[in-house]
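**Student:** Model the following, please.
(2 chains)
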There are 2 protein chains.
Amino acid sequence: MDVIINEVGLRDGLQNQPRIVSTEDKLVLLALLEAAGLKHIEVASFVHPKAVPQMADAEAVVGGLHLGTSQVYSGLVPNLRGYDRGVAAGLSEFGLIMSASSTFSERNVKMTLEQSYQACVEVIKACLRDGNRSRVYLSCSCACPYEGRIEESLVLDLARQLLDEGAHEISISDTIGAGTPNQIFDLTQPLIAEYGAGSVNLHVHDTRGAALAMVWSAYLAGVRMFDASIGGLGGCPFAPGATGNVATEDLVYMFNQSGIHTNINFNALEPAVAFAEKVTASSLGGKSMQWLRSQC
Amino acid sequence: MDVIINEVGLRDGLQNQPRIVSTEDKLVLLALLEAAGLKHIEVASFVHPKAVPQMADAEAVVGGLHLGTSQVYSGLVPNLRGYDRGVAAGLSEFGLIMSASSTFSERNVKMTLEQSYQACVEVIKACLRDGNRSRVYLSCSCACPYEGRIEESLVLDLARQLLDEGAHEISISDTIGAGTPNQIFDLTQPLIAEYGAGSVNLHVHDTRGAALAMVWSAYLAGVRMFDASIGGLGGCPFAPGATGNVATEDLVYMFNQSGIHTNINFNALEPAVAFAEKVTASSLGGKSMQWLRSQC
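**Tutor:** Alright, predicted model coming up:
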């Protein structure tokens, strides 16, 4: 009955923050997350530092990790060049991104779907060659800001192709928080049936309040791996309505109370939320955290 | 596939507000809710005006309704005396409350469970006699602030007894927002199987963020009637952590997007939220409303 929560606050959470968090502070936040029991953590993105200055210290962050423990650290890589940097830094698990929407891909990554697919496959093959693990984020799996709702069959076919190429994991990613619980069920259940629960992750943003409902629906579909971000960190402060990932604490609280083991201590997440608030100078915290704080 | 959303903002939402909203403003809010398509609305509570001064104008509010249309108005009644007031005012649908927790009942209503049960049954019988409709809210169905988690079998047995006495509807009520999706499933699915979907309502508060997950779980269990409060209005501003009902707009948005008909216009709820904010001098709005507003 266990679920795995993959903390992405250090990457997806911090990458759009106006304030650049220091490497030291990132490592303190990481230590607080680990103290609460988080075992799967995405620590950095190996993109070009000019594109995302918040991630310019990717090598330094990885250099500060205690590698070789049972902790599972991953890094996001945009292409083979980023992958090589990640490998050199010492990581062995990698996140890749490909959009399920061709318009989004062309406008935001300046690649056609086919080009983006080929770039992904290059990294997947490199992971297979090197004995590393790959997780492909299918962004805009539910909807695209330009195209609207994305056809489920298109997303499923892309996911199947990437898994067949050797991707270890697909993340159905509702990048703009526009999905619905039944859509998430329909996008995950077939993949679980065909490839097993070890091949499917869910990545949702809580833009319209339905994130936990989507998580629950995915759980019922058999999904056992979920991305989340401490305090709901994320989104872009310059783009109103672009909200963060589902808050780690809300996911942990709901699962723990439901008797589904996360192996994460809910109360121990409070210091991590407080520290993330301090270093980003923002107000964070899912509803469960607001409730916990009201009890003190 | 239709669901019924029963708006309780005018009662559960306003009853704990420090500011007393005028009858005229309540009727304006009601008109805005109806303009968005809400058909089922709890308009007032017939409690003693000294106990809940916010509801002292119950008769005046009902006097301002256009009764005899297809709109379904209900009033909360604590006992036979309140019921008689509600009937005299012209209502034919009534909410009753009974706690599933004996400690909560004894401390908050000064009645044992047995006394509270008998008071409920009196009103149920009066409704049957008069051709009126009764809905019994089983408060603390998931957990009690004093006792913690409530045994599901106790809640189910109480619900069955009340339905067998002639209650038209039972509302599984997570008063303190401490329930989980699987708990809600286990509390509603057996009642739906035994009594049908017309006999079970779900009433949840969003204290810990899992309200929509509980709503979705109840939907999967067969529940088709849900309480909600415009803007998430409710809770007690003097009691931190006592948050309001699940926001009507979040429920409407999730269901509408899922292809489940609420027959309510999501965008048209915005003026109702804005007006509720104005008259309560508070900041309201579920995440879906915050998203909608960020798009303008």
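**Student:** Going by C-alpha atoms from here, please, whenever you check contacts or count neighbours.
**Tutor:** Will do.
**Student:** Most proximal residue of the stretch 1-150 of chain A with respect to chain B?
**Tutor:** Closest contact between the stretch 1-150 of chain A and chain B, by C-alpha to the nearest C-alpha, is at A:R149 (10.3 Å).
**Student:** Just list the residues touching that residue, thanks.
**Tutor:** The neighbours of A:R149, taking C-alpha atoms under 8 Å, 6 or more residues apart in numbering or on different chains as the test, are A:142-143.
**Student:** residues near the closest residue to chain B within the stretch 51-200 of chain A, how many?
**Tutor:** Relative to chain B, the nearest point of the stretch 51-200 of chain A is A:T180 (5.7 Å; C-alpha to the nearest C-alpha). When neighbours are defined as other C-alpha atoms under 10 Å in any protein chain shown, A:T180 has 24 of them.
**Student:** which parts of the stretch 51-200 of chain A sit against chain B?
**Tutor:** A:180-183 (C-alpha under 8 Å from any C-alpha of the partner chain).
**Student:** Which of those residues fall within helices?
**Tutor:** Members of those lying in helices (criterion: DSSP state H): A:181-183.
**Student:** now those in a markdown table, with distance to B:S99 and neighbour count?
**Tutor:** Output for those, formatted as a markdown table (distance: C-alpha to C-alpha, whole Å; neighbours: other C-alpha atoms under 10 Å in any protein chain shown):
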| residue | distance to B:S99 | neighbour count |
| --- | --- | --- |
| A:P181 | 31 | 25 |
| A:N182 | 33 | 19 |
| A:Q183 | 36 | 17 |
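**Student:** Can you report phi and psi for A:G90?
**Tutor:** The phi/psi pair for A:G90 (degrees, to the nearest 10) reads phi 120, psi 10.
**Student:** How confident was the prediction at the nearest residue to it once chain neighbours are set aside?
**Tutor:** Sequence neighbours aside, A:V62 is the residue nearest to A:G90 in space, at 7.2 Å (criterion: C-alpha to C-alpha, 6 or more residues apart in numbering or on different chains). You'll see A:V62 listed with a pLDDT of 97.
**Student:** what about the strands in chain A?
**Tutor:** A:4-7, A:40-45, A:72-76, A:93-99, A:133-139, A:143-144, A:148-149, A:169-174, A:200-204, A:225-228 (DSSP state E).
**Student:** Partner strands of the first one, with direction?
**Tutor:** Using DSSP bridges, the strands paired with strand A:4-7 are strand A:40-45 (parallel), strand A:225-228 (parallel).
**Student:** can you redo these as TSV with mean pLDDT and mean neighbour count?
**Tutor:** Compiled in TSV, these are given as follows (pLDDT from 0 to 100; neighbours: other C-alpha atoms under 10 Å in any protein chain shown):
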stretch	mean pLDDT	mean neighbour count
strand A:40-45	98	25
strand A:225-228	98	26
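**Student:** burial count for the nearest residue to A:K50 once chain neighbours are set aside?
**Tutor:** Distance criterion C-alpha to C-alpha, 6+ apart; nearest residue to A:K50, sequence neighbours excluded, is A:A56 at 7.8 Å. A:A56 has 20 neighbours, counted by other C-alpha under 10 Å.
**Student:** what's the spacing between A:A56 and A:F46?
**Tutor:** 8 Å (C-alpha to C-alpha, to the nearest Å).
**Student:** ditto for A:V121
**Tutor:** Distance from A:V121 to A:F46, by C-alpha to C-alpha: 17 Å.
**Student:** Equivalent analysis for A:V223, please.
**Tutor:** Distance from A:V223 to A:F46, by C-alpha to C-alpha: 27 Å.
**Student:** give me every residue that touches the nearest residue to A:L80 once chain neighbours are set aside.
**Tutor:** Distances taken as C-alpha to C-alpha, 6+ apart place A:V123 nearest to A:L80, at 5.6 Å, with adjacent residues excluded. By C-alpha under 8 Å, 6+ apart, A:V123 lies in contact with A:79-80, A:83, A:96.
**Student:** Repeat that for A:A56.
**Tutor:** A:46-50.
**Student:** again, but for A:R135
**Tutor:** Applying C-alpha under 8 Å, 6+ apart, the residues near A:R135 are A:93-96, A:167-171.
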